[in-house]
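>>> Here is a sequence together with a model predicted from it:
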Amino acid sequence: MAFTVNTLERFGSVHRAPRINPYLPARTERLGATSDNPKFSLKDIGKPVKLSGDTCVLATDGDEIYGFIESVNAGTNDGYAIGGVICDPGLEALAVDEVGNLAVGDLVVAGTPVAIGTAIAAKGANVKKRTGAVASGQSALLTSGGLAIGSASKAKVLVANTVYALVGGALVSATTAEVTLPGVIADAKSNAYGIFINAAGEFSAVLGTAGDTVAEIVLPQANATRALVGYVVITNDGAIFTGGTTLLDANTVTDVYINTLGAVAQADQIAGQHLWQVLSVFGTPAAGVQVMVRKI
């Protein structure tokens with residue numbers, strides 16, 4: 001993959017260079033949804049993706065990584081972008097230690113994502129350490145969050161109840177909070193926010209992939225680092241929805257609050273695990289340091 005590597009790399013030590021293996025090429029995959037605008041392009045090379053049905057979508061924060069985008073074709077097929085994805089065991093990719101605590105041998109998951117059509121940093125996409133004993137997609141919410149429109153701010157989502165969840169093998173809880181919504185939803189589009197709680201008892205909102213209808217939304221999923229509290233499904237009619245600014249009771253917004261309960265399987269993850277392991281750290285461990293990861 002076309003990213004910089006520390007010039008002090010040494011073969012056979014902790015500094016390694018990516019291996020070129022002509023017998024393990026990238027797999028040709030459909031990328032994103034037919035409704036994606038913009039479509040995947042050369043700017044999306046290097047980003048981690050996960051499987052969603054018979055296509056690949058951008059991996060969101062904490063997601064298990066299926067592979068990394070290696071190339072993107074100029075054209076589309078049946079409305080989907082087409083590209084190469086590095087995903088087979090033994091293949092390697094360059095990425096960035098987002099937190100600053102990765103060491104050789106650590107398993108990683110996706111870090112903070114970069115939106116479709118926006119290029120990642122020259123060193124690669126964000127990854128972070130995979131933690132917890134719970135299998136990916138098997139975190140559990142034990143009490144209902146009682147999701148509703150915010151009371152102090154109607155641009156936020158209220159978690160009305162004290163929430164208890166199992167995340168990373170540990171019991172966590174958090175009291176009532178109002179969650180800020182990120183991102184933008186175009187006019188005449190539908191999308192959904194997943195409201196999650198992590199192992200530190202912190203709430204967050206993750207935006208899914210928009211669709212022309214509710215049925216076309218690609219929902220953000222639970223994983224080993226976050227339990228799903230519920231979804232807020234939003235449909236626009238007459239204006240752009242801007243997270244954190246647009247009021248959820250605006251007359252251009254239709255919003256539906258869905259509370260989940262119990263173990264939530266990661267619906268868009270195929271059977272089996274997709275594990276990426278740190279093979280080399282190019283420099284002293286710190287946030288922003290480049291690393292090389294290998295599919296195992």
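Arrived safely, thanks for sending. Numbering: from 1, shown residues only.

>>> show me where the protein has helices.
Under the criterion DSSP state H, the chain contains no helices.

>>> Show me it divided up by domain.
Following automatic domain parsing, one finds the domains of the chain at 27-130+275-295, 140-263.

>>> Let's have those in CSV, adding mean pLDDT and mean neighbour count.
For the C-beta atoms, the positions are set from N, CA and C on the backbone; glycine is no exception. Output for the domains of the chain, formatted as CSV (pLDDT from 0 to 100; neighbours: other C-beta atoms under 10 Å):
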stretch, mean pLDDT, mean neighbour count
domain 27-130+275-295, 92, 19
domain 140-263, 92, 18
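
>>> need the strands for the stretch 1-150 of the chain, in chain order.
When assigned using DSSP state E, counting those that start in this stretch, the strands of the stretch 1-150 of the chain occupy the ranges 27-31, 48-52, 55-58, 67-77, 80-86, 92-97, 107-110, 125-129, 140-141, 147-149.

>>> what pairs with the fifth one, and is each one parallel or antiparallel?
Pointing back at strand 80-86 there. Its sheet considered, strand 80-86 pairs with strand 27-31 (antiparallel), strand 67-77 (antiparallel) by DSSP bridges.

>>> same deal with the last one?
Within its sheet, strand 147-149 is paired with strand 157-159 (antiparallel), according to DSSP bridges.

>>> Determine how far the partner strand lies from the middle of the whole chain.
How far strand 157-159 lies from its chain's middle: 21 Å, per C-alpha atoms, centre = their mean, to the nearest Å.

>>> Surely D212 is in contact with S35?
Yes: counting by C-beta atoms under 8 Å, S35 is a contact partner of D212 at 5.2 Å.

>>> Find residues that contact each of those two.
Each of K189 lies in contact with both D212 and S35 under the rule C-beta atoms under 8 Å, 6 or more residues apart in numbering.

>>> Span of stretch 112-127 from start to end?
Using C-alpha to C-alpha, to the nearest Å, the span of stretch 112-127 from its first residue to its last is 8 Å.

>>> what does that stretch rub up against?
Outside stretch 112-127, the residues that reach it (C-beta under 8 Å, 6+ apart) are 1, 3-4, 32, 36, 38-41, 43-44, 46-48, 58-61, 65, 68, 93-98, 102, 108-111, 183, 276, 288, 290-291, 293.

>>> Perfect, I'm done here.
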